[in-house]
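Trainee: Generate a structure from the sequence data that follows.
(chains A and B, ligands or ions: 2)
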Number of protein chains: 2
Amino acid sequence: MTTGTGSAPRKVRAPRGTVRSAKGWPQEAALRMLHNNLDPEVAEHPDRLVVYGGSGRAARDWASFDRITAVLRELGDDETLLVQSGRPVGVLPTHEWAPRVLIANANLVGDWSNWEEFRRLEALGLTMYGQMTAGSWIYIGTQGILQGTYETFGAVAAKRFGGSLAGTLTLTAGLGGMGGAQPLAVTMNGGTALVLECDATRIERRIAQGYLDVRADSLDDALRRAEQARRERRAVSIGVQANAADAVPELLRRGAPVDVVTDQTSAHDPLAYLPSGVDFADWGDYATRAPEDFTRRARESMAAHVEAMVGFADAGAEVFDYGNAIRGEARTAGYARAFDFPGFVPAYIRPLFCQGKGPFRWAALSGDPADIARTDRAVLELFGDDDHLARWIRMAGERISYQGLPARICWLGQGERAAAGQRFNELVASGEISAPLAIGRDHLDTGSVASPYRETESMADGSDAIADWPLLNALVNTASGASWVSIHHGGGVGIGRSLHAGQVSVADGSDLAARKLHRVLANDPATGVIRHADAGYGQAEETAEQHGIRLPMREGRD
Amino acid sequence: MTTGTGSAPRKVRAPRGTVRSAKGWPQEAALRMLHNNLDPEVAEHPDRLVVYGGSGRAARDWASFDRITAVLRELGDDETLLVQSGRPVGVLPTHEWAPRVLIANANLVGDWSNWEEFRRLEALGLTMYGQMTAGSWIYIGTQGILQGTYETFGAVAAKRFGGSLAGTLTLTAGLGGMGGAQPLAVTMNGGTALVLECDATRIERRIAQGYLDVRADSLDDALRRAEQARRERRAVSIGVQANAADAVPELLRRGAPVDVVTDQTSAHDPLAYLPSGVDFADWGDYATRAPEDFTRRARESMAAHVEAMVGFADAGAEVFDYGNAIRGEARTAGYARAFDFPGFVPAYIRPLFCQGKGPFRWAALSGDPADIARTDRAVLELFGDDDHLARWIRMAGERISYQGLPARICWLGQGERAAAGQRFNELVASGEISAPLAIGRDHLDTGSVASPYRETESMADGSDAIADWPLLNALVNTASGASWVSIHHGGGVGIGRSLHAGQVSVADGSDLAARKLHRVLANDPATGVIRHADAGYGQAEETAEQHGIRLPMREGRD
Ligand SMILES: NC(=O)c1ccc[n+]([C@@H]2O[C@H](COP(=O)([O-])OP(=O)(O)OC[C@H]3O[C@@H](n4cnc5c(N)ncnc54)[C@H](O)[C@@H]3O)[C@@H](O)[C@H]2O)c1
Ligand SMILES: NC(=O)c1ccc[n+]([C@@H]2O[C@H](COP(=O)([O-])OP(=O)(O)OC[C@H]3O[C@@H](n4cnc5c(N)ncnc54)[C@H](O)[C@@H]3O)[C@@H](O)[C@H]2O)c1
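Mentor: Ligands and ions are numbered 1, 2, ... in the order given. Take a look at the predicted model:
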């Protein structure tokens, strides 16, 4: 095994412009997107090749990064580079419909699928954590989080409030890396948000970024403002410094007019949840000094917090767990009704998955924001009738500042993705867009992930843990003309807990690209429609029928 | 979820002849090989769709079997069928270089990768066990076991005895499903074999099948005959009814002139190993009545058995564990030196893997044995200089009676597989072979398996549990033109313990097939050469260099 042969950390940034250095645009796209993932504007710790999500990396080490770059520069249109956990291990002759890069990151045999073994192998230099889009070179910064959160609150609105959160009040907590997207996502959906956060600096930061509108001085002040905004149907978000374990029960007691309740404090780690009665300033010290005592108190607080959430649900509010495991912690602390409200995936995201919807995204390889502006218009031209989508595209165009290469994300479903891809390719061909686009998605998509604590929680047929689906998804994308395909282990929920696949395809304006995009962007979500139809979701069966996706066992019934 | 809609168990057998009912030969091949796996001559329990290896199935249920068959009959040359754990779940438009079938069997997310969860999901009708070649439709009966065993003893001969076992005595035990291949494999390599077996009916059966030559009346008799045959360099195999836990130590005490020692009693399951002092007739009864007591005694016996094996090793014999976990059981019983001899993979198979060698196999879709005879001649024409290979091909032609479609297996390495595939395709094109051939392999191949208790035990760099490799292998085969590709979990070592991939490609005499075979049969073993080169095996680096397989990190060093 070779590691660093003099390759040192350095600042990298994607090449820009309309001229490529590689032999084809798919190779050039891989090269630019790999670099873009490590752009200091994009990556959390670029020197350590860490893009996001704790230790999600773009390459094993700098020597690997250099060799991947060198290979991509001279890779032919009928050759394929193999990347094993961030390290380029081989180049093989394939054919023009084959992906230019095949990637497998952090995969372990079942009995060895635990953090201890992973860390051991990582220390030996034999593997790396790829997260979802870090090791598969299609991370585009925090826009993805905002859009996913917008989508969730949009689904809440669609399910309960006729498509808009106008005139509703959402109560939540946590303004961290993920949670900070909540206030803007609520207001983008027309609603009022009241957000509890124990760390005042986080409140200030979110206001500075334009994600949060105002800070209230006290819980009284916050509630008064929220009630008024709700009455006046104003889309405004209000932050207040408070401990959620005290404030949520207090608001319940006061009969606050709350329509939606969720939470994104970092409850998954008891040491990262501030217990009731502990001063914010003492947090770090106390957690280090007496972790067991701290954990016990954090869990008791979470039980009180969740009990109040259940109280709001009993009172008729829409309540959901937003993926931070707070229900599990509350149950551990002895609160029996902890699971009386659902996780966000079964409640809101799965119906989208049944329509083949998921986190479609693209980046302008030119580096020119005008190219993304043109794609935004194209999306509106194609799908302008979809209010929810159109609102996002317009607001994103105004509010999102790019990190690294200009990029856009929006959730598109079966049929829509292929239509968008075709249109984008035409725009590249005609020169209306100045250089090719890389079109990909996150791995938390309809057909590309098995993750029993999140994306596949509580499947109708009990198939949560079956991991055949993401593997079929990766094989299908490889067989359909994607530019690069990846299979990863771990993602956002950790080693042992998920298997997921990614694909990125390049619209370079060529006829070949058009034919490939036509296949990939239909087949990729189709595997999700198939997966959900197979699990018995009628909505997915309808999507399949509508889009001519063949389900052999169903055909067999006729 | 739909299951059986009136589809009942029945006898199936592959269609024969030169006329296909499907739209192309790859589809027809998949159809015939699926049927062939369930031929009563081939499958262990065809009514339950079980092909081999406990519960290794060809399809989820009979309704799935029927629908797979129906889809294959009308599947286009640019369509792909998706099979999820034996159930046909979708058909998608792809392209002519894409596989016609993509298969994922028995895969589970890491934390759920255990037998309990698997059995639960299986009972719900949501998954099936695919073994290696059962669920990927390329099982060819017991010839595969014989050939693998021949290969192992051939590697022993190459390592220690100048390429032949002539004049050596091999001591082993167990004449069951796997173990029964040992005596014939030893004599095919020119050696003398002494095999201990506590079940007299097994000895008789192996003699009747021509796998074992003679039965001795007693251990004395057996030893006398064995010593004489060894002296006279006669390739003869001698079976004797004895308990290995008594007889192996006894032979060590007597200073028997043993050159090679191994064991294939079913030691992996303590209830399936007869303890010393227990009468064969009382076995079943005792194991059921007092399983814990039985287990303790079985383990103590295994400790004595393994201690004697170490004794032979100390005396200079070649000793190895043949994949039945007897060393682990002996250590559990407290024998400290249990791991003083190696497993067979690191000792003999890995050097073959480093040359890209593995279990290459093919079946004549015509059903005509003359087609296999022609391929046998082709192999001799191509590789006649390889004595070990030539001996196998000649003896197989004489001794092997086909089960189901006529088929052949032999281990071929990097370069050889592609050459054989090209030649076979030419023979189909010229009409010398009457109908196409299905060319595949077992999953326990050089690049296609991660299995820390067997194929990837004790890798030089400690990467035993890294599962990126079989996934890359499946992606590469999908990107290289294979006819069907599969990713399985479990195989011969069980749920949680391995991940492995398969490919089958069809030689139908067309130019397209020639180009695909050229890619697949080079790239498939190349992933194994790459995997072993990456782990630091110099022999694999040499193979890569010799065959022009590009290793980017190595290139980076120059
Ligand atoms: N929905 C999803 O798909 C998804 C994805 C990833 C992560 N998550 C989970 O969401 C949670 C939030 O993620 P993040 O990245 O924003 O975490 P983070 O650590 O960046 O932020 C958590 C915030 O909660 C605050 N907080 C902690 N205890 C509090 C309390 N008692 N009262 C009020 N505020 C408190 C902290 O001060 C911090 O600002 C995590 O548990 C994470 O695992 C969900
Ligand atoms: N080498 C490999 O790659 C590989 C592959 C699969 C299985 N195996 C292992 O090889 C072993 C044998 O497999 P099998 O299919 O032949 O099993 P099997 O159960 O069909 O046969 C085992 C035989 O051992 C005999 N036996 C048991 N205890 C004995 C004793 N004390 N003395 C003498 N004979 C005894 C039994 O009577 C039986 O005939 C298993 O442990 C299996 O897991 C190895």
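
Trainee: Helix or strand next in line after the helix or strand hosting A:Ala438, which one?
Mentor: Assigned by DSSP states H and E, A:Ala438 belongs to strand A:437-441. Counting by DSSP H and E, the next helix or strand C-terminal to strand A:437-441 is strand A:449-450.

Trainee: mean confidence for that next one?
Mentor: Confidence for strand A:449-450, expressed as mean pLDDT, is 98.

Trainee: Check stretch A:345-352 too.
Mentor: The average pLDDT within stretch A:345-352 is 96.

Trainee: hmm, who's touching the strand holding A:Ala438?
Mentor: With C-beta atoms under 8 Å, 6 or more residues apart in numbering or on different chains as the contact definition, strand A:437-441 has outside contacts at A:29, A:32-33, A:133, A:136, A:138, A:358-365, A:371, A:375, A:421, A:424, A:428, A:448, A:483, A:502-507, A:517, A:521, A:524. To be clear about C-beta, it is placed using only N, CA and C from the backbone, and glycine gets the same treatment.

Trainee: pull the longest strand from chain A.
Mentor: strand A:499-507 (DSSP state E).

Trainee: quick one: that one to strand A:437-441, angle?
Mentor: Counting by axes from the mean of the first three to the mean of the last three C-alpha atoms, to 10 degrees, strand A:499-507 points 160 degrees away from the direction of strand A:437-441.

Trainee: Determine the set of other helices and strands touching strand A:499-507.
Mentor: Secondary-structure packing of strand A:499-507 (3 or more C-beta pairs under 8 Å, 6 or more residues apart in numbering or on different chains; DSSP states H and E): helix A:25-37, helix A:416-430, strand A:437-441, strand A:449-450, helix A:468-478, strand A:484-489, helix A:511-534.

Trainee: Can you name the residues that contact the residue in chain A positioned nearest to ligand 1?
Mentor: Among all residues of chain A, A:Gly176 sits closest to ligand 1, at 1.8 Å; criterion: C-beta to the nearest ligand atom. Neighbouring residues of A:Gly176 by C-beta under 8 Å, 6+ apart: A:202, A:264-266.

Trainee: For the spatially closest residue to A:Arg32 that is not a sequence neighbour, which residues are in contact?
Mentor: Distances taken as C-beta to C-beta, 6 or more residues apart in numbering or on different chains place A:Ala14 nearest to A:Arg32, at 4.1 Å, with adjacent residues excluded. Contact partners of A:Ala14, counting by C-beta under 8 Å, 6+ apart, are A:32-33, A:35-36, A:39, A:365, A:367, A:404-405.

Trainee: Select, from these, the two members most distant in space.
Mentor: Using C-beta to C-beta, the pair of those lying farthest apart is A:Asp39 and A:Leu365, separated by 13.4 Å.

Trainee: who has more neighbours, these two?
Mentor: Higher neighbour count among A:Asp39 and A:Leu365: A:Leu365, with 32 against 19, using other C-beta atoms under 10 Å in any protein chain shown.

Trainee: for that one, phi and psi?
Mentor: Dihedral angles of A:Leu365 (phi, psi; degrees, to the nearest 10) stand at phi -70, psi -20.

Trainee: From A:Thr18, how far off is it?
Mentor: Distance, A:Leu365 to A:Thr18, using C-beta to C-beta, to the nearest Å: 9 Å.

Trainee: Common neighbours of these two, please.
Mentor: Common neighbours of A:Leu365 and A:Thr18 (C-beta under 8 Å, 6+ apart) are A:Ala435.

Trainee: ok, now which ones touch A:Gln264?
Mentor: A:172-174, A:176, A:178-179, A:182, A:322-324.

Trainee: Would you mind giving the secondary structure of it?
Mentor: Three-state assignment for A:Gln264 (DSSP: H, G, I helix; E, B strand; the rest coil): coil.

Trainee: Likewise for A:Gly90?
Mentor: Under three-state DSSP, A:Gly90 comes out as strand.

Trainee: And it, what's its pLDDT?
Mentor: Looking at A:Gly90, the pLDDT reads 98.

Trainee: How many neighbouring residues does A:Gly431 have?
Mentor: Neighbours around A:Gly431, by other C-beta under 10 Å: 10.

Trainee: Now tabulate the contacts of A:Ala14 in a markdown table and tack on distance to A:Ala22 and pLDDT.
Mentor: A markdown table is the format used below for the contacts of A:Ala14 (distance: C-beta to C-beta, whole Å; pLDDT from 0 to 100):
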| residue | distance to A:Ala22 | pLDDT |
| --- | --- | --- |
| A:Arg32 | 9 | 98 |
| A:Met33 | 12 | 98 |
| A:His35 | 12 | 98 |
| A:Asn36 | 15 | 98 |
| A:Asp39 | 18 | 97 |
| A:Leu365 | 11 | 98 |
| A:Gly367 | 16 | 98 |
| A:Gly404 | 19 | 97 |
| A:Leu405 | 16 | 98 |
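
Trainee: Who are the contact partners of A:Ala419?
Mentor: Contacts here follow C-beta under 8 Å, 6+ apart; on that basis A:Ala419 touches A:Leu382.

Trainee: now the residue nearest to A:Ile138 when sequence neighbours are not counted, which residues is it bridged with?
Mentor: Nearest non-adjacent residue to A:Ile138, counting by C-beta to C-beta, 6+ apart: A:Gly440, 3.9 Å away. Following DSSP bridges, A:Gly440 is listed with bridge partners A:Arg361, A:Val504.

Trainee: could you check the distance from A:Gly440 over to chain B?
Mentor: 17 Å (C-beta to the nearest C-beta, to the nearest Å).

Trainee: cool, and A:Lys357?
Mentor: Where chain B is concerned, A:Lys357 sits at a distance of 18 Å (C-beta to the nearest C-beta).

Trainee: Likewise for A:Asp508?
Mentor: 18 Å.
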